[in-house]
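Trainee: the amino acid sequence is not available; the structure is as follows:
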């Protein structure tokens, strides 16, 4: 099971990195931190933002504040979240947010208030056209 989750995180992180614009010349390239292949953590959401099919949240674990990114899901400030496993990306530049993160934990294993999160409703386009 751990190998499946780890493989999923690697695929997610690779897909995110390929969609990202190269980091500014002054910043180091994004790298995986093998020591940070987290077995999980939990905490309270301090900040949240959605972009390009992903949700970024700032989680206060009590000991540390960590940025987490996952495929888009519904979450609010003050929700309790659990991250079952994640891959840390150091010096990550988000092109869509136009922001650099010292570390972002990419995951597909997240719970919100003890349950699997709901995904946002797709935006409705014109009949016969995909949502925009």
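Mentor: Ah, there it is. Note that the coordinates shown come from a computational prediction; the quantities given were computed from them, not determined experimentally. Residues are numbered from 1 along each chain as shown.
Trainee: residue 75 against residue 117, yeah?
Mentor: Yes: in this structure residue 75 lies within contact range of residue 117 using Cβ atoms under 8 Å: 6.3 Å. Placement of C-beta: from N, CA and C, glycine included.
Trainee: of those two, which one has the most company?
Mentor: Higher neighbour count among residue 75 and residue 117: residue 75, with 21 against 18, using other Cβ atoms under 10 Å.
Trainee: now do the SS call for that one.
Mentor: coil (DSSP: H, G, I helix; E, B strand; the rest coil).
Trainee: state the pLDDT value of it.
Mentor: Listed pLDDT for residue 75 reads 96.
Trainee: all strands of the chain, in order?
Mentor: Secondary structure of the chain (DSSP state E): strands located at 31-32, 41-51, 54-60, 65-71, 80-94, 99-112.
Trainee: just send those back as JSON lines, with distance to residue 121 and mean pLDDT too.
Mentor: Putting the strands of the chain into JSON lines (distance: least, Cβ to Cβ, whole Å; pLDDT from 0 to 100) gives the following:
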{"stretch": "strand 31-32", "distance to residue 121": "33", "mean pLDDT": "46"}
{"stretch": "strand 41-51", "distance to residue 121": "12", "mean pLDDT": "96"}
{"stretch": "strand 54-60", "distance to residue 121": "14", "mean pLDDT": "97"}
{"stretch": "strand 65-71", "distance to residue 121": "15", "mean pLDDT": "96"}
{"stretch": "strand 80-94", "distance to residue 121": "20", "mean pLDDT": "93"}
{"stretch": "strand 99-112", "distance to residue 121": "16", "mean pLDDT": "94"}
